[in-house]
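[1] What follows is a predicted protein model with its sequence.
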Amino acid sequence: MEQASNEYVLALAEELGISPHQALCHTSLLIYWANIHARDGVIRYFTHKELANAALWTGDCTRFFRALEAAEWVVGRLLWDRTGLVPVWRSGHRPPPHVWKWIRAKVLLRDDFRCDACGRYCGEDDLQCDHIVPIWAGGSNRYSNLRTVCTSCHRPKSTREREEAIEHRKRYGEED
Ligand SMILES: [Zn+2]
């Protein structure tokens, strides 16, 4: 079983200078609130103060919002982790399929179903969630390392990556 950690909670704790337990309380409340008021995760209609109140953050509400952004709880107009606390899989390892399915759906939604390479809008079936720094090179599974690409833009990259990965394994004798 691969190791998982809740990097997002730890990152928020660090941003705000609070304990991981406190960060967990704030984010749990925020998720609870979003499940009622922002079911699709879209939070742009809410003010920083409303979000801070929902999370019972009594300090500066803009600082709280900026920390949510820095810790990748808020990406663009979306609150990512609306549905629960999803752990991040260790860099260099692929998350299990049921987690990957969830991450992929979020990345496609963030990117408005638009290919990052050619700019084309596509249906969900024609899009892939791509690691910018590949897994074999130690790339992370955080949202900042993921992007949406269409199948035709992804194919040449995958072929090249597979060759590079084989080359890498030959040279360093590492497991995939
Ligand atoms: Zn494309």
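    Received it, and whenever you're ready, just let me know what you need.
[2] Arg39 in helix, strand or coil?
    coil (DSSP: H, G, I helix; E, B strand; the rest coil).
[3] Can you give me the neighbour number for it?
    10 (other CB atoms under 10 Å). Heads up, the C-betas are built off the backbone N, CA and C, glycines and all.
[4] how close does it sit to Leu79?
    According to CB to CB, to the nearest Å, Arg39 stands 11 Å off from Leu79.
[5] hey, where'd the strands end up in this protein?
    4-5, 74-75, 78-79, 88-89, 127-131, 146-150 (DSSP state E).
[6] how far out from the middle of the chain is the second one?
    So the one you mean is strand 74-75. Distance of strand 74-75 from the chain centroid (CA atoms, centre = their mean, to the nearest Å) equals 9 Å.
[7] hang on, the earlier thing: any chance of the strands of the chain in JSON lines with distance to Trp100 and mean pLDDT as columns?
    Below are the strands of the chain laid out as JSON lines (distance: least, CB to CB, whole Å; pLDDT from 0 to 100):
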{"stretch": "strand 4-5", "distance to Trp100": "13", "mean pLDDT": "60"}
{"stretch": "strand 74-75", "distance to Trp100": "18", "mean pLDDT": "78"}
{"stretch": "strand 78-79", "distance to Trp100": "18", "mean pLDDT": "75"}
{"stretch": "strand 88-89", "distance to Trp100": "9", "mean pLDDT": "64"}
{"stretch": "strand 127-131", "distance to Trp100": "8", "mean pLDDT": "94"}
{"stretch": "strand 146-150", "distance to Trp100": "10", "mean pLDDT": "95"}
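[8] how about these, which one is nearest the ion?
    The ion lies closest, by CB to the ion, to one member of those: strand 146-150, at 3.5 Å.
[9] Sheet partners, orientation included, of that closest one?
    If you go by DSSP bridges, strand 146-150 pairs up with strand 127-131 (antiparallel).
[10] Check whether the partner strand comes near the ion.
    No: counting by CB under 5 Å from the ion, the ion is not contacted by strand 127-131; separation bottoms out at 8.7 Å.
[11] In a markdown table: the strands of the chain, plus mean neighbour count.
    Output for these, formatted as a markdown table (neighbours: other CB atoms under 10 Å):
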| stretch | mean neighbour count |
| --- | --- |
| strand 4-5 | 14 |
| strand 74-75 | 19 |
| strand 78-79 | 20 |
| strand 88-89 | 22 |
| strand 127-131 | 20 |
| strand 146-150 | 22 |
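[12] Name the residues of this structure found near the ion, please.
    Residues of the chain lying near the ion (CB under 5 Å from the ion): 115, 117-118, 150, 153.
[13] Sketch out the low-pLDDT regions of this structure for me.
    For the chain, the stretches with pLDDT under 70 are 1-5, 40, 80-90, 173-176.
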